[in-house]
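Engineer: predicted structure and sequence below. I'll ask about it afterward.
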Amino acid sequence: MRRKIVAGNWKMNKTPSEAVELVNMLKPLVASDDVDVVFCVPAIDIIPAVEAAKGSNISIGAENMYFEESGAYTGEISPAMLTDAGVKYVVIGHSERREYFAETDATVNKKVLKALEHGITPIMCCGESLEQREQGVTMDFVRQQVKIGLQGVTADQAKTVVIAYEPIWAIGTGKTATTEQAQEVCGEIRKCIAEVYDDATAAAIRIQYGGSVNGKTAPDLFAQPDIDGGLVGGASLKEDFGNIVNYK
Ligand code: 13P
């Protein structure tokens with residue numbers, strides 16, 4: 001049985017002091033024995049958020065990371081900086097980073113490999129645009145993102161990776177994919193992992209759905225056989241995040 005994982009992606013929201021307030025507010029609401037709970041926060045919020053989350057079931061994640069160890073990369077954050085600060089997870093290749101910051105499947109792959117090398121669990125994002133869905137190429141596109149993103153990743157490493165399927169048209173729009181649409185693509189991603197690796201790897205890897213998840217939509221989504229939790233934007237900044245974690 002795969003353990004469910006619910007991660008908040010705060011995006012570019014909350015100053016360091018606001019981050020502490022939000023962690024303290026949500027701490028009692030997201031307490032859970034059977035769901036992994038992750039708050040992926042802006043880089044500058046990581047240290048205060050780790051401190052505020054101490055003694056709780058919340059793990060702190062980053063929203064991005066660079067793929068080099070150190071050096072002349074002004075403005076970037078290295079994997080060692082993240083682990084030293086107490087980070088356990090990192091979102092890689094979010095569609096907003098692909099769209100606004102020129103991330104590609106190739107850079108996503110480099111970052112996934114580097115995160116794994118440092119013992120950070122990558123939450124690797126994929127998902128089609130509305131145009132691609134209408135063109136009927138969703139599965140081809142998502143399969144390609146997943147296959148390239150995992151190039152060079154061993155089966156043992158792949159078992160620890162989290163894949164977040166986030167249809168771009170469902171992000172921040174209030175348009176959640178239907179349960180059937182979300183399950184269909186998450187199931188296809190698992191099939192793709194079985195083809196690239198093997199059945200054991202496909203059975204172990206965790207696949208989240210993301211895109212306008214809230215406390216009302218989470219129960220049906222998370223009950224699907226291939227959906228192992230969610231990557232949550234807007235609702236992760238509110239009390240509703242507690243309902244999503246405790247969706248049962
Ligand atoms: P929303 O939940 O705000 O739609 O954002 C989803 C997302 O992009 C999480 O990474």
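Structural biologist: Ah, there it is.
Engineer: what comes up buried for the helix ranked longest in the chain?
Structural biologist: Criterion DSSP state H: the longest helix present in the chain is helix 179-196. Within helix 179-196, the residues scored as buried using 16 or more other CB atoms under 10 Å are 179, 181-186, 188-190, 192-193, 196. Using the backbone N, CA and C atoms, a C-beta is placed for each residue, glycine as well.
Engineer: now whichever helix or strand comes after it, how far from the chain's geometric center?
Structural biologist: Per DSSP states H and E, helix 179-196 leads on to helix 199-204 as the next helix or strand towards the C-terminus. Offset of helix 199-204 from its chain centre (CA atoms, centre = their mean, to the nearest Å): 19 Å.
Engineer: using PDB, write out every CA atom in the next helix or strand after helix 199-204.
Structural biologist: Tracing the chain C-terminally past helix 199-204 and defining elements by DSSP H and E, one meets strand 206-210 next. The C-alpha trace of strand 206-210 is given here as PDB (Å, rounded to 0.1, in the frame of the first residue of the first chain):
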ATOM      1  CA  ARG A 206       3.600   7.900  -5.700                       C
ATOM      2  CA  ILE A 207       1.500  10.000  -8.100                       C
ATOM      3  CA  GLN A 208      -0.300  13.200  -7.000                       C
ATOM      4  CA  TYR A 209      -3.000  15.100  -8.700                       C
ATOM      5  CA  GLY A 210      -2.800  18.900  -8.600                       C
END
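Engineer: got a list of what the residue nearest in space to the middle of the chain touches?
Structural biologist: Central residue of the chain (CA atoms, centre = their mean): Ile123, 3.8 Å from the mean position. For Ile123, the contact set (CB atoms under 8 Å, 6 or more residues apart in numbering) comprises 7, 38, 40, 61, 89-92, 162-164, 208, 231.
Engineer: switch the cut-off to 10 Å
Structural biologist: Contacts for Ile123 (CB atoms under 10 Å, 6 or more residues apart in numbering) come out as 5, 7, 9, 38, 40, 61-63, 89-94, 112, 115, 161-164, 206, 208, 210, 231.
Engineer: ok so it is a strand residue?
Structural biologist: Yes - under DSSP: H, G, I helix; E, B strand; the rest coil, Ile123 sits within a strand.
Engineer: show me the beta-bridge partners of it.
Structural biologist: Val91, Val162 (DSSP bridges).
Engineer: least trustworthy helix or strand in the chain by mean pLDDT?
Structural biologist: helix 130-135 (a mean of 95; mean pLDDT, DSSP states H and E).
Engineer: please enumerate residues in contact with that helix?
Structural biologist: Residues contacting helix 130-135 (CB under 10 Å, 6+ apart): 127-129, 137-142, 167-170, 173, 175, 177, 181, 185.
Engineer: now the residue in the chain positioned nearest to the ligand. Nearest residue, chain neighbours left out?
Structural biologist: In the chain, the residue that lies nearest the ligand is Gly233 (2.3 Å; CB to the nearest ligand atom). Once flanking residues are discounted, Gly233 sits nearest to Asn9: 5.3 Å by CB to CB, 6 or more residues apart in numbering.
Engineer: contacts only, for that neighbour.
Structural biologist: Here Asn9 is in contact with 38-41, 61, 63, 91, 94, 96, 123, 125, 164, 166, 171, 210, 230-234, 236-237 (CB under 10 Å, 6+ apart).
Engineer: correct me, but Ala202 touches Cys186?
Structural biologist: No - with contact defined as CB atoms under 10 Å, Ala202 does not reach Cys186; the gap is 11.5 Å.
Engineer: ok, then the element right after the least confident helix or strand of the chain?
Structural biologist: Immediately after helix 130-135, counting by DSSP H and E, sits helix 138-149.
Engineer: buried residues in that next one?
Structural biologist: Buried-residue list, helix 138-149, by 16+ other CB under 10 Å: Thr138, Met139, Phe141, Val142, Arg143, Gln145, Val146, Gly149.
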